[in-house]
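In: Sequence and predicted structure below; questions after.
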Amino acid sequence: MILISDSSLLSMENPSLDTGVRGLSYIEVEITAAARDLHSGTYGGAVANPIVVLSKMIASCHDENNHITIPGFYDDVNVVLEEERALINKAPFNEQEYKDEIGIQELWGEKGFSTYERTGIRPTLELNGIWGGYTGEGAKTVLPAKATAKISARLVPNQTSEKITELLLAHFRKIAPSCVTVNAFEHHGGEPYGTPIDSKGYQAASKALEATFGKTPIPVKGGGSIPICHTLESELGTKIIFMGFGLDNDGLHSPNEKYNIENYYKGIETIPYFHQFFAE
């Protein structure tokens with residue numbers, strides 16, 4: 001059995017165990033119009049603006065229901081049964097606390113799915129960064145020569161990073177107007193991974209958390225990606241158990257990322273129980 005602690009808990013009051021993680025496809029798209037930055041007064045209105053073109057291309061990838069419009073994107077998506085969706089939504093969720101924690105006014109996402117479903121069992125397409133033109137202090141009226149975006153897709157079971165990456169690259173090359181050129185390429189990718197909750201490893205982990213938290217942990221789907229998981233299982237032929245002790249509000253990938261001492265000690269307390277129960 002492989003034990004990975006690169007996962008989190010719903011909260012210290014409601015312990016949980018991840019039953020899987022999403023895959024990842026990460027690309028970069030560069031749009032070029034002119035050979036150099038131009039004066040926006042002299043050339044504005046006569047020459048395509050790459051930032052405008054790229055923005056329109058990206059915006060076209062979602063419809064009014066926040067459904068991804070790229071042809072073929074959902075072809076291999078595993079349809080989750082209503083029973084599993086109901087189990088996912090049994091996890092405690094306070095919408096106002098969720099919004100307050102990250103400083104948003106309203107929830108946003110694919111219509112017809114709950115927040116936990118959107119972050120666990122549904123694929124996504126996100127814009128991770130975009131730049132072009134003049135971004136320094138003050139004003140400089142340029143018509144930029146280039147605009148670039150970093151774009152990632154989170155993948156769910158049955159989707160593969162190789163297929164989705166090729167689909168994304170082909171799509172952005174196809175929808176670009178003839179007034180610009182496109183340079184689209186892959187950064188990296190990883191496969192989605194799931195672990196069964198009826199395995200001996202999962203049962204041992206569940207008993208371990210129950211021993212230290214006093215509650216049976218809730219099975220949840222992790223929204224992030226751990227690309228090594230698929231490789232480890234395919235090469236070693238053994239399942240992975242996710243047993244992490246972080247929190248969603250740790251500020252992952254953000255400035256001032258944290259990890260609570262209380263959670264650290266809870267991991268020290270809990271993991272030996274996993275070894276005990278798994279051996280038994």
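Out: That came through, no problem.

In: And the helices in the chain?
Out: Ranges of helices within the chain are 40-43, 50-59, 82-88, 95-102, 115-120, 161-175, 200-213, 228-236, 261-279, based on DSSP state H.

In: of those, which approaches F185 most closely?
Out: Checking the helices of the chain against F185 by CB to CB gives helix 161-175 as the closest, at 7.3 Å. Using the backbone N, CA and C atoms, a C-beta is placed for each residue, glycine as well.

In: and the closest one, how far from the chain's centre?
Out: 18 Å (CA atoms, centre = their mean, to the nearest Å).

In: For it, which residues meet the burial criterion?
Out: Under the neighbour-count criterion of 16 or more other CB atoms under 10 Å, helix 161-175 has S161, K163, I164, T165, L167, L168, L169, H171, F172 buried.

In: which strands and helices sit next to it?
Out: Here helix 161-175 touches strand 23-32, strand 146-155, strand 181-190, going by 3 or more CB pairs under 8 Å, 6 or more residues apart in numbering; DSSP states H and E.

In: So, low pLDDT: which residues of this protein?
Out: Counting by pLDDT under 70, the chain shows no low-confidence range.

In: what residue of it is the furthest out?
Out: T42 (42.2 Å; CA atoms, centre = their mean).

In: now that residue: how far from L143?
Out: Distance of T42 to L143, computed by CB to CB, to the nearest Å: 8 Å.

In: Domain ranges for the protein, per the record?
Out: The chain breaks down into these domains under automatic domain parsing: 2-22+193-279, 28-77+123-190.

In: roughly how far out does the longest one sit from the chain middle?
Out: I take that to be domain 28-77+123-190. Centre-to-centre, domain 28-77+123-190 and its host chain are 18 Å apart (CA atoms, centre = their mean).

In: And the helices of the chain: which comes nearest R22?
Out: If we rank the helices of the chain by CB to CB, the stretch that ends up nearest is helix 115-120, at 7.7 Å.

In: could the helices and strands packed on helix 161-175 be laid out in CSV, adding distance to A208 and mean neighbour count?
Out: Below are those laid out as CSV (distance: least, CB to CB, whole Å; neighbours: other CB atoms under 10 Å):
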stretch, distance to A208, mean neighbour count
strand 23-32, 27, 22
strand 146-155, 28, 21
strand 181-190, 27, 16
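
In: Make a markdown table from those strands and add distance to G129 to it.
Out: Formatted as a markdown table, the helices and strands packed on helix 161-175 follow (distance: least, CB to CB, whole Å):
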| stretch | distance to G129 |
| --- | --- |
| strand 23-32 | 9 |
| strand 146-155 | 4 |
| strand 181-190 | 11 |
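
In: And the domains of the chain: which comes nearest I104?
Out: I104 lies closest to domain 2-22+193-279 among the domains of the chain, at 13.3 Å (CB to CB).
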